[in-house]
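Student: compute the structure for the input listed below.
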Amino acid sequence: MSNDEMRASKRSDVAPFIVMDVMRDANRLAAEGRTIMHLEVGQPGAAPPEKVRKVAADALGGGALGYTDALGIPSLRARIADYYRTQYDVEIDPARVVVTAGSSAAFILTFLTCFEAGDRVGLPEPGYPAYRNTLKALGCVPVGLPTGPQTNWALTPDLINQAEQEGGPLKGILVASPSNPTGVMLDRKAMQSLADHCRDTEKWFISDEIYHRIGYGMTDVSALECGPDAITINSFSKYYCMTGWRLGWAVLPERLVRTAERLAQNLFISAPTLSQIAAEQAFEESVSLDINVEVYARNRELLLRELPKAGIDQFAPADGAFYLYADVSHLADDSTLFCERMLNEAGVAATPGADFDPVRGHHYVRFSFAGKTADMAEAARRLQSWLKA
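Tutor: Numbering: from 1, shown residues only. Reported below is the predicted structural model:
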């Protein structure tokens, strides 16, 4: 075979993360002198708390930063375990905590630990596209479980049963609460029903909890409250405003920890040392971090009030996180083209729903309200002008 005939692997043929393409195009227009309102990326507009940054600066001034244990700095793992005790009244052994390079690495380790190539894994749709694309790249089969207004945008055991009747057994289920892109949160009864179903049918139950502590009236429920075999994944990116620090964690059943450790040693060596040192301080900064959530709440209220004036008035519940998932089917047949026009003509960047649901997403757009309130107001004003023109 000649070099010209050599091609990338089939497993690498995954869909793009469309929001990153939108951000690239928005940044290009900004570089050309356009003023762009960024409602596309799920990234807090606020910096990490000052004390977190000071801890990092002090660590940088203290000399070389070497590798840590593959599972993370022991004191950070203990602090994460303490978080579950204080936040959810759940006692876990720090030995079950795996600190990772962002939640992305936690998902890779979890998928490799739990699933064989060819295993079918159920994912709610709409949902975070990296679940689907990462599973595919690892040789697994992501199975979309369609949610919508008929299920209040939440996954149910009935949807899992239906998928198995139509396509065969599922080896695991992944759920997110609050959800990206809908913001839907599961209450204790709904989370417990999924945990019980997975236990009774011998499925891995994985809970993405990276938007915990960003909510608007409902209480976060951790899957660990519903059963010790649940796998939870969290991150310092969202509530703690540390997206670029690339730090997350997973809590695994004890029998999986050594397997995950071996994988982490070979794939990642360890999570970023500087980020781990600073992250311990982040747990002490709830007062300032909750102020950010108050900003998100104002942004949410503003968009829910002002977007209907532009003709965008049908949304998923948005109980938590910082997104509005809006039905735009009455405005356009293709939300990807709609978002391209919105960006180029109105200067407002948002993410087409096809990123989150390849089957039904062309009717939807996700707006992120993680930025400044003034930017949300300006984006709404522009959309009112653009759509009423």
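
Student: run through the strands of the stretch 251-389 of the chain in chain order.
Tutor: 323-327, 348-349, 351-352, 364-368 (DSSP state E, counting those that start in this stretch).

Student: what helix or strand is residue 221 on?
Tutor: Following DSSP states H and E, there is no helix or strand that holds residue 221.

Student: make sure it is actually in contact with residue 186.
Tutor: Yes. With contact defined as C-beta atoms under 8 Å, residue 221 reaches residue 186; the gap is 6.2 Å. To be clear about C-beta, it is placed using only N, CA and C from the backbone, and glycine gets the same treatment.

Student: compare these two (neighbour count), which wins?
Tutor: Shown here are residue 221 and residue 186; by other C-beta atoms under 10 Å, residue 186 has more neighbours (25 against 21).

Student: right, and the more buried one touches residue 154 too?
Tutor: Yes. With contact defined as C-beta under 8 Å, residue 186 counts as touching residue 154 (6.0 Å).

Student: contacts for the longest helix seen in the chain, please.
Tutor: The helix that spans the most residues within the chain, counting by DSSP state H, is helix 286-306. By C-beta atoms under 8 Å, 6 or more residues apart in numbering, the list of residues contacting helix 286-306 from outside reads 44, 46, 49-50, 213-216, 239-241, 282, 315, 318, 322, 324, 367, 369-373, 376-377, 380-381, 384.

Student: where exactly do the helices run in this structure?
Tutor: Secondary structure of the chain (DSSP H): helices located at 18-31, 50-60, 74-88, 102-114, 129-137, 157-167, 188-200, 254-267, 273-282, 286-306, 335-341, 373-388.

Student: so for the fifth one, mean pLDDT?
Tutor: pLDDT averaged over helix 129-137 equals 96, rounded to a whole number.

Student: and the element among helices and strands of the chain having the smallest mean pLDDT, which residues are buried?
Tutor: Ranked by mean pLDDT, DSSP states H and E, the weakest helix or strand in the chain is helix 18-31, scoring a mean of 91. In terms of neighbour count (16 or more other C-beta atoms under 10 Å), helix 18-31 has its buried residues at 18, 19, 22, 23, 25, 26.

Student: ok, now stretch 343-353?
Tutor: Of the residues in stretch 343-353, those buried under the neighbour-count criterion (16+ other C-beta under 10 Å) are 343, 346, 347, 348, 349, 350, 351, 352, 353.

Student: and the furthest pair within the residues you listed?
Tutor: For the buried residues of stretch 343-353, the farthest-apart pair by C-beta to C-beta is 347 and 353; their separation is 20.6 Å.

Student: who's in contact with residue 122?
Tutor: If you count contacts by C-beta under 8 Å, 6+ apart, residue 122 has them with 143, 145, 160, 163, 170, 172, 173, 174.

Student: could you measure from it over to residue 142?
Tutor: When C-beta to C-beta, to the nearest Å is the yardstick, residue 122 and residue 142 sit 8 Å from each other.

Student: give me the contacts around stretch 54-68.
Tutor: Counting contacts by C-beta under 8 Å, 6+ apart, the residues outside stretch 54-68 that touch it are 99, 269, 270, 271, 273, 274, 275, 276, 277, 278, 280, 281.

Student: give me that answer again for 10 Å
Tutor: By C-beta atoms under 10 Å, 6 or more residues apart in numbering, the surrounding residues in contact with stretch 54-68 are 48-49, 74, 76, 99, 242, 245, 269-282, 284.

Student: before we move on, the earlier item: between the least confident helix or strand of the chain and helix 129-137, how big is the angle?
Tutor: In this structure, helix 18-31 runs at an angle of 120 degrees to helix 129-137, with axes from the mean of the first three to the mean of the last three C-alpha atoms, to 10 degrees as the basis.

Student: now helix 18-31, how far from the centre of its chain.
Tutor: Its chain's C-alpha centre lies 20 Å from the corresponding centre of helix 18-31 when counted by C-alpha atoms, centre = their mean, to the nearest Å.

Student: can you give me every residue that contacts the nearest residue to residue 182 once chain neighbours are set aside?
Tutor: Leaving out its chain neighbours, the residue that sits closest to residue 182 by C-beta to C-beta, 6 or more residues apart in numbering is residue 316, at 3.7 Å. Shown here is residue 316, whose contacts under the criterion C-beta under 10 Å, 6+ apart are 126, 147-149, 152-154, 179, 181-184, 323-327, 364, 366.

Student: what count of nearby residues applies to the nearest residue to residue 199 once chain neighbours are set aside?
Tutor: Nearest non-adjacent residue to residue 199, counting by C-beta to C-beta, 6+ apart: residue 227, 5.9 Å away. Per other C-beta under 10 Å, the neighbour tally for residue 227 reads 16.

Student: run through the residues that contact residue 227.
Tutor: With C-beta under 10 Å, 6+ apart as the criterion, the residues that contact residue 227 are 191, 192, 194, 195, 196, 198, 199, 205, 253.

Student: what's the answer for residue 332, then?
Tutor: Counted by C-beta under 10 Å, 6+ apart, residue 332 has contacts 338, 339, 341, 342, 352, 362, 363, 365.
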